[in-house]
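Engineer: A structural model of the following input is requested.
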Amino acid sequence: MNNLKIINRYGQLVTDSREVAVMAGKRHSDLLESIDGYIKYLLNGKFRSVDFFIQSSYKDSTGRTLKCYLLTKKGCDMVANKMTGEKGILFTATYVTKFEEMENQLKVKKIDSYRIEDPIERARAWIKEQEEKLILEQRIFEYEPKISYLDTILNSTNAIVVTQIAADYGLSAKKLNEILKESEVQYKVNKQWILKAKYKDKGFTKSETFIDAVGQVRLNTKWTQKGRLFIHQLLESIGIKALMDLENIKVS
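Structural biologist: Prediction:
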């Protein structure tokens, strides 16, 4: 019961819904269904659902990508409020204690860059702070359309990775990312491509959080259909056509 793992996700403490399901004595699929219901009510009430539950994914033993959620302390509160008896009491006691322990650890470890005396270490800490700020900023912009349009864009099942889009044009993912970089659409921060400021709030991308094989939280950027159309128009403007269009030209 005391093995609940708390993750520091860009300054926000969260825990995995799979672990919560085990502690709550529920099937993970049942917990996901309950959380989907909570999110619906939160959105109807004009609350930011990401303050409670953050949609994520993981790979199972067969390699399938499956849905899960990262729960904030508020999200755990909401789940705990629906539990009764001994399990509810123990779950509440555990997550409150674990979140408190992690918060105390961060208070000890976290030192603002301006308070570091060594100039080199101060510069490194400042760069790290700016990277985290930029990534968090993109996540905030990406979730705004979700709140406004009730998941019609960001929760679309048609969001795809850049590799799939690149293949439609006979390009590699690396080449397409470089084209988007040269076109000043995106730039790279901490191994993730970040959209330039003027594109961040367009609903072009959807960043999904997942836990890798060594237990680290990672982000995977996917493009929505709106973003895919944008890329198509951009590539056509520089003379790169989709393979399907080229085949159609040959046939005609």
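Engineer: next one: phi and psi at residue 165?
Structural biologist: phi -70, psi -40 (degrees, to the nearest 10).
Engineer: what about it, how many neighbours?
Structural biologist: 20 (other Cβ atoms under 10 Å). To be clear about C-beta, it is placed using only N, CA and C from the backbone, and glycine gets the same treatment.
Engineer: in a strand, that's where residue 13 is, yeah?
Structural biologist: Yes - Residue 13: assigned to a strand according to DSSP: H, G, I helix; E, B strand; the rest coil.
Engineer: residue contacts, residue 165?
Structural biologist: Applying Cβ atoms under 8 Å, 6 or more residues apart in numbering to residue 165 gives the contacts 176, 223, 228, 231.
Engineer: Do I have it right that the first one meets residue 167?
Structural biologist: Which is residue 176. No - the criterion here is Cβ atoms under 8 Å, and residue 176 misses it with residue 167 at 9.3 Å.
Engineer: These two: which is more packed in?
Structural biologist: residue 176 (20 against 13).
Engineer: and that one, what does it touch?
Structural biologist: 162, 165-166, 169, 231.
Engineer: Can you pick out the most distant pair from these?
Structural biologist: 162 and 169 (11.1 Å; Cβ to Cβ).
Engineer: Map the structural domains onto the sequence of this structure.
Structural biologist: Using automatic domain parsing, the domain parsing of the chain gives 7-110, 119-251.
Engineer: ok so, going back, residue 162 and residue 169: which is more packed in?
Structural biologist: Taking neighbours as other Cβ under 10 Å, residue 162 and residue 169 compare with residue 162 leading, 23 against 20.
Engineer: Just want to check the distance between the closest residue to that one other than its chain neighbours and residue 220.
Structural biologist: Spatial nearest neighbour of residue 162, chain neighbours left out: residue 173 (5.0 Å); criterion: Cβ to Cβ, 6 or more residues apart in numbering. Separation of residue 173 from residue 220 (Cβ to Cβ, to the nearest Å) stands at 12 Å.
Engineer: Equivalent analysis for residue 54, please.
Structural biologist: The separation that residue 54 has from residue 220, given Cβ to Cβ, amounts to 14 Å.
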